[in-house]
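**Student:** Here is a sequence with its predicted model. Questions after.
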Amino acid sequence: MWLLRTFRNIIIITLFFIHYLTKAQVKDVFKEIKRIEFNIDKKKVEERRWKREGNLDVSFGQYYYDNWIGGGTGKLETFGKFSQKLSYQNNKIVWDNSLDIIYGMNKNYGEELKKTSDQVTFNSIFGRKESDNFSYSFFLNLRTQLTNSYLENKDKEEQYRISGFLAPLYIATGPGIMWRKSNNLVVNLAPASLRMTYLNGKVFEYDNSSKTFISNSEKQIYGVEAGEEINYQLGFYSSVYAKFNLFKNIGIENKLSLYSDYLNEPKNIDLDYVMNINFKVNKLISTNLLFQATYDDNVFSGFQIRQHFGVGFKLNL
């Protein structure tokens, strides 16, 4: 009996000691985990939430004719596109920003250098997530150009500026709802958006009836009343962004925006559509097709269409 009692006490003491050690080890493990968590570099975590990508596309073209019976004018042309994207995302917030600058020039033999393309576009959309795909959003869109444009063929003696930097500047902004399937498929609807057109300085428009140039101080140009600098509109704005690969080396990027002014002819919808197709030859050389269709009756009563196709190089920045 004494031996059994002693053996039982030894077992109890041993189990208690094992329990104490196990509990202490568990506490130490938790302390170590907490220490590891506190040692995580929060700055690096924040950096991983930011994502930046960009590229520079430059293409060239050359036409040469010598004693060509069918006729033709030799020329050189170049076209460049600079793009940058910066995005931030966590469990509750998504914020996308993009900047696109397009500029092109050509030179006919025996003539001066002329501008063929000039466009600056900035887009920013901020969303607070309500579910995996839907967010309350706020967007900002800016469109202008870098350098002045002139209608030189109407008057050889004097240059009349028809557009320039911030002339016009198109601004669209407002709250909305965003559906975001992925970074490559985004739809934003803003039913109460403000759109403004700003004119920086004097611009002209050619009047066919009088055969003269008339400035924005005398006539409404780009929807801005004569003598004014800015025009306000309130309406419905929607935008769609879709990017996908048609084949392994062929990528297609689509951007569409629509706007209807509640205060002035709401059935008349302004449209801006851009399609960019990139054919990747290798890491450096690529072929690019750019197509844009725009409709805004404050600028021109019909569709404006431009298209560019060229071969050049593409650098990731």
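**Tutor:** Looks like it arrived, so ask away.
**Student:** When you work out contacts or count neighbours from here on, use the C-alpha atoms and nothing else.
**Tutor:** Fine.
**Student:** so residue 212 makes contact with residue 206?
**Tutor:** Yes. Contact criterion C-alpha atoms under 8 Å: residue 212 and residue 206 qualify, at 5.9 Å.
**Student:** More neighbours: these two, which one.
**Tutor:** Looking at residue 212 and residue 206 with other C-alpha atoms under 10 Å, you find the greater number of neighbours at residue 206, namely 15 against 12.
**Student:** The closest residue to that one other than its chain neighbours: what's it in contact with?
**Tutor:** Among residues not flanking residue 206 along the chain, residue 213 sits closest, at 4.4 Å (C-alpha to C-alpha, 6 or more residues apart in numbering). Contacts for residue 213 (C-alpha atoms under 8 Å, 6 or more residues apart in numbering) come out as 160, 204-207.
**Student:** Filter those down to the buried ones and hand me the PyMOL line.
**Tutor:** Buried residues within these, by 16 or more other C-alpha atoms under 10 Å, are selected in PyMOL with:
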select buried, resi 160+204+205
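**Student:** does the residue sitting nearest the centre point of the chain sit in a helix, a strand or a coil?
**Tutor:** In the chain, the centroid-proximal residue (C-alpha atoms, centre = their mean) is residue 98; its distance is 3.6 Å. Three-state assignment for residue 98 (DSSP: H, G, I helix; E, B strand; the rest coil): strand.
**Student:** Pretty sure it sits against residue 55.
**Tutor:** No. In this structure residue 98 lies outside contact range of residue 55 using C-alpha under 8 Å: 11.8 Å.
**Student:** Show me where this protein dips below the pLDDT cut-off.
**Tutor:** Along the chain, segments meeting pLDDT under 70 span 1-48, 67-68, 70-72, 153-157.
**Student:** now the helices for it?
**Tutor:** Assigned by DSSP state H, the chain shows helices spanning 2-38, 42-49.
**Student:** What is the neighbour count of the residue lying closest to residue 86 once chain neighbours are set aside?
**Tutor:** Distances taken as C-alpha to C-alpha, 6+ apart place residue 52 nearest to residue 86, at 4.5 Å, with adjacent residues excluded. Neighbours of residue 52 under the rule other C-alpha under 10 Å: 13.
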